[in-house]
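Student: build me a structure from this.
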Amino acid sequence: MKVLIVYCHPSKTSFTYRVYESFLKGLQDAGHEIAVSDLYEMDFKTDLSEEEYLRETYYRAELPVAEDVRMEQEKIQASDAIVFIYPVFWTEAPAKLVGWFDRVWTTGFAYSPNPTMKTLDKALCIACAGKSLESLEEVGEIRAMETVMLGDRIRDRAKEKEMVIFDKITHWDEDLREKTEPGHLQKAYELGCKF
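Tutor: Numbering: from 1, shown residues only. Model prediction:
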């Protein structure tokens with residue numbers, strides 16, 4: 001299977017980066033073909049230009065897209081599955097990943113009129129959160145994240161879609177973090193192996 005990973009974190013020393021490395025190793029060990037868009041490393045431009053805004057607002061699919069956007073769309077079209085790996089910032093993905101969707105999910109590609117984006121076999125969102133799953137569930141944050149990522153952004157663009165949240169990765173409680181990390185990293189590896 002050809003898998004595109006869209007990775008979004010500003011630090012290579014982060015837990016999220018270790019999750020990315022573990023998941024990637026699992027994919028490699030399972031024999032998948034892998035492409036990676038590391039949004040910070042690429043310095044991916046995330047703000048819509050006025051030209052892009054007007055193209056999207058008026059559904060002007062006949063107008064060209066920027067070269068960096070076209071390249072991301074080509075990566076998607078060449079893939080069977082897409083995986084997003086990112087930290088949770090204020091119940092959301094980082095602004096850079098949100099901007100990736102703003103610019104790459106264009107009219108005529110990801111939505112009307114006549115979208116050309118292929119339906120992917122799988123979409124997986126791996127989010128790393130400081131809070132516990134219980135805390136995220138209690139106030140409805142998990143539901144909100146799933147609604148935005150799986151319901152709105154992925155929608156019917158993949159046959160299967162899932163969100164996995166690695167919780168309790170906070171610097172407020174280093175002992176808890178140290179106990180939690182190994183299990184999460186093992187699960188990330190296994191997710192890659194079973195993908």
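
Student: all helices for this protein, in order.
Tutor: 15-29, 39-42, 50-57, 67-77, 95-104, 133-138, 141-146, 174-194 (DSSP state H).

Student: quick one: average confidence on the third one?
Tutor: Along helix 50-57, the predicted local confidence has a mean pLDDT of 97.

Student: check which residues of stretch 13-24 are buried.
Tutor: Going by neighbour count (16 or more other Cβ atoms under 10 Å), the buried part of stretch 13-24 is 15-24. C-betas here are computed from N, CA, C, even on glycine.

Student: to the chain's geometric centre, what's the distance from it?
Tutor: 13 Å (Cα atoms, centre = their mean, to the nearest Å).

Student: spatially central residue in this protein, please.
Tutor: Geometric centre of the chain, nearest residue: residue 84, 2.1 Å, by Cα atoms, centre = their mean.

Student: helices or strands next to the worst-scoring helix or strand of the chain on mean pLDDT in the packing?
Tutor: For the chain, the helix or strand with the lowest mean confidence is helix 174-194, at a mean of 94 (criterion: mean pLDDT, DSSP states H and E). For helix 174-194, the packing partners by 3 or more Cβ pairs under 8 Å, 6 or more residues apart in numbering; DSSP states H and E come out as helix 15-29, strand 120-128, strand 158-166.

Student: just the C-alpha atoms of the last one, please, in CSV.
Tutor: Included here for strand 158-166 are C-alpha records, laid out as CSV according to Å, rounded to 0.1, in the frame of the first residue of the first chain:
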residue,chain,number,x,y,z
ALA,A,158,-11.7,7.7,2.5
LYS,A,159,-13.5,4.4,2.8
GLU,A,160,-12.2,3.9,6.3
LYS,A,161,-11.3,6.6,8.8
GLU,A,162,-10.1,6.5,12.4
MET,A,163,-8.7,8.8,15.1
VAL,A,164,-6.2,7.6,17.7
ILE,A,165,-5.3,9.8,20.6
PHE,A,166,-2.2,9.3,22.6
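
Student: and that strand, what other elements does it pack with?
Tutor: Strand 158-166 packs on strand 120-128, helix 141-146, helix 174-194, going by 3+ Cβ pairs under 8 Å, 6+ apart.

Student: quick one on the thing from earlier: format the helices and strands packed on helix 174-194 as a markdown table; extra columns: mean pLDDT.
Tutor: A markdown table is the format used below for those (pLDDT from 0 to 100):
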| stretch | mean pLDDT |
| --- | --- |
| helix 15-29 | 98 |
| strand 120-128 | 98 |
| strand 158-166 | 98 |
